[in-house]
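Chemist: Just a sequence and a predicted model for now, questions to come.
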Amino acid sequence: KLAGKDRYHLFDSDQDYDLRSHHESVERIRQGLLRDEFALHYQPKVNMHSGELIGAEALVRWQHPEQGLLPPDRFLPAIERHELGVQLGEWVIDSALSQIAAWQAEGLRVPVSVNISANHLQRADFAERLYLLLSLHPEVAPDQLQLEVLESSALADMNRVAETMATCTRMGVSFSLDDFGTGYSSLSYLKRLPAAELKIDRSFVRDMLHDADDLAILDGVLGLARAFRRRAVAEGVETEAQGELLLRLGCECAQGYGIARPMPPSALPGWAAGWRPP
Ligand code: C2E
Ligand code: CA
Ligand code: CA
Ligand code: CA
C-alpha cells in the first residue's frame with residue numbers, strides 16, 4: 001500500500017513537471033508570436049523536365065532571441081493540440097498570402113504551399129476562417145494557395161475532413177497529401193480526400209537507388225498518381241542520380257536540397273531567375 005502511494009506521488013510530481021515545462025513553452029511561443037519572432041522560409045518546387053518553378057513550400061522558423069533560428073520540430077510539438085497551434089497556423093497562412101502578393105508585385109507568380117496540422121484542419125470553422133483570410137488578400141487568387149496535409153496523421157473524422165477539403169477546393173484552394181506512403185491508410189486517403197497532389201515521402205526517394213522495395217513502392221505510388229490524376233511530387237531529392245531516376249520513372253516534379261534548400265523569401269526571385277534544370 002505504501003509502495004503504491006509512493007509510486008502515485010512520483011507519478012504525480014513527474015506530471016507536474018511536464019505540465020509546468022509545457023506551460024512555459026506554450027507561453028514562450030505565444031510571446032514569440034506577439035513579438036513577431038516567427039518567419040517563413042520557402043523551398044522551391046520545380047518541374048525537373050521543363051525547368052519551371054511550380055511552387056514554393058512555406059516552412060516555419062522561430063528566430064529565438066537566445067537560441068537562434070529554430071526548426072519547426074523544436075517548437076511545433078508543444079502546441080500541436082493547443083489553441084495556439086491554430087493561431088500559429090493562421091499566422092502562417094496569412095504570411096504566406098502576403099508573400100504571394102509581394103512576389104506578384106515584383107513580377108514573380110508562384111503558388112505557395114502551406115503545411116496544415118490535422119488538428120487545425122479538423123476544426124469545424126476551418127473553411128470559414130480560410131475564406132476570411134483569403135478575403136484579407138483580395139489581390140491573391142485562391143488558386144495560388146495550396147495546403148499540405150500530413151497523410152500519416154490520423155484524421156479522426158475522415159468524412160468531415162473530406163467535406164472541409166471539398167469546400168476549400170470549391171473556393172479555389174488545392175490540397176496535397178504530404179509524406180505520402182508512410183501512413184497506415186494511404187489508399188483510403190487517396191480515394192476519399194480531394195487532393196490534387198501527392199508528395200512522395202523523402203524516405204522512398206532516399207532509398208530507391210539501393211533498395212528494390214522502396215523503388216517498387218515509389219513506382220507504385222507514381223502509378224496510383226497517374227490513375228487518380230493527381231500530380232506526384234518527389235520530396236527530399238538530394239542528388240543528380242535521384243533526379244535522373246525519378247525522371248526515368250516519369251516523375252517530373254521534385255523538391256529537395258539537391259535543387260534548393262529552404263531560403264528567406266527575399267532570395268527566391270533571384271534563385272528562380274538563375275535556376276536551370278540539370
Ligand atoms: P515536411 O512538410 O515534410 O517539409 C519538408 C522538410 O524536409 C523541411 O524540414 C525541409 O527543410 C526538409 N527538406 C527539404 N528537402 C530536403 C532534402 O533534400 N533532404 C533532407 N534531409 N531534408 C529536406 P523543416 O523545415 O525542418 O520542417 C519539418 C516539418 O515540420 C515539415 O515536414 C512539416 O511537417 C512541419 N512544418 C514546417 N512548417 C510548418 C508549418 O508552418 N505548419 C505546420 N503545421 N507544420 C510545419
Ligand atoms: Ca510539407
Ligand atoms: Ca513532406
Ligand atoms: Ca516530412
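Modeler: Happy to help now that I have it. Residues are numbered from 1 along each chain as shown. Ligands and ions are numbered 1, 2, ... in the order given.
Chemist: from here on, contacts and neighbour counts on C-alpha atoms
Modeler: Will do.
Chemist: residues in contact with the closest residue to ligand 3 within the stretch 151-278 of the chain?
Modeler: For the stretch 151-278 of the chain, the residue closest to ligand 3 is residue 179, as judged by CA to the ion, at 4.3 Å. Counting by CA atoms under 8 Å, 6 or more residues apart in numbering, residue 179 makes contact with 150, 151, 152, 199, 200, 201, 202.
Chemist: go on, residue 115?
Modeler: 58, 59, 147, 148, 149, 150 are the contacts of residue 115 under CA under 8 Å, 6+ apart.
Chemist: Now for the closest residue to residue 250 other than its chain neighbours, how many residues are close by?
Modeler: In this structure, residue 250 finds its nearest non-sequential neighbour in residue 222, 7.7 Å apart by CA to CA, 6 or more residues apart in numbering. Neighbourhood size, residue 222 [other CA atoms under 10 Å]: 23.
Chemist: Ok, residue 242 next?
Modeler: By other CA under 10 Å, the residues close to residue 242 number 19.
Chemist: Next one: the closest residue to the residue of the stretch 151-278 of the chain closest to ligand 3 other than its chain neighbours from ligand 1, what distance?
Modeler: Take residue 179 and drop its neighbours on the chain: the residue closest to it by CA to CA, 6+ apart is residue 201, 4.1 Å away. Relative to ligand 1, residue 201 is positioned 7 Å away (CA to the nearest ligand atom, to the nearest Å).
Chemist: Just the pLDDT for residue 201.
Modeler: pLDDT recorded at residue 201 is 93.
Chemist: what pairs with the residue nearest to the spatial centre of the chain across the strands?
Modeler: In the chain, the C-alpha nearest the mean C-alpha coordinate belongs to residue 115, at 2.9 Å (CA atoms, centre = their mean). Residues in a beta bridge with residue 115, per DSSP bridges, are residue 148.
Chemist: go on, residue 254?
Modeler: residue 46, residue 234.
Chemist: ok, it touching residue 43?
Modeler: No: here residue 254 does not reach residue 43: they are 10.7 Å apart, not a contact under CA atoms under 8 Å.
Chemist: Same question for stretch 232-247: list its buried residues.
Modeler: Using 16 or more other CA atoms under 10 Å as the test for burial, stretch 232-247 gives 232, 233, 234, 235, 236, 237, 238, 242, 243, 244, 246, 247.
Chemist: Please apply the same query to stretch 35-48.
Modeler: For stretch 35-48, by 16+ other CA under 10 Å, it's 38, 39, 40, 41, 42, 43, 44, 45, 46, 47, 48.
Chemist: So, low pLDDT: which residues of this protein?
Modeler: 1-20, 152-155, 278 (pLDDT under 70).
Chemist: let's go with 50 and repeat that
Modeler: 1-17 (pLDDT under 50).
Chemist: what about the residue in the stretch 51-200 of the chain positioned nearest to ligand 1, neighbour count?
Modeler: Here the stretch 51-200 of the chain gets closest to ligand 1 at one residue, residue 59, 3.7 Å apart by CA to the nearest ligand atom. Per other CA under 10 Å, the neighbour tally for residue 59 reads 20.
Chemist: and it, that's in a helix?
Modeler: No: with DSSP: H, G, I helix; E, B strand; the rest coil as the criterion, residue 59 is strand rather than part of a helix.
Chemist: what does the protein have sitting close to ligand 1?
Modeler: Neighbours of ligand 1 within the chain, by CA under 6 Å from any ligand atom: 59-60, 71-73, 89, 92, 115-117, 236-238, 256-257, 262.
Chemist: let's see it at 5 Å
Modeler: 59, 60, 71, 72, 115, 116, 117, 236, 237, 238, 256, 257 (CA under 5 Å from any ligand atom).
Chemist: which of those residues come close to ligand 3?
Modeler: Among the residues of the chain next to ligand 1, not one lies near ligand 3 by CA under 5 Å from the ion.
Chemist: Which two among these are spaced furthest apart?
Modeler: Across the residues of the chain next to ligand 1, the longest distance by CA to CA is 25.8 Å; it joins 117 and 238.
Chemist: Report the contact partners of residue 276.
Modeler: Residue 276 touches residue 51, counting by CA under 8 Å, 6+ apart.
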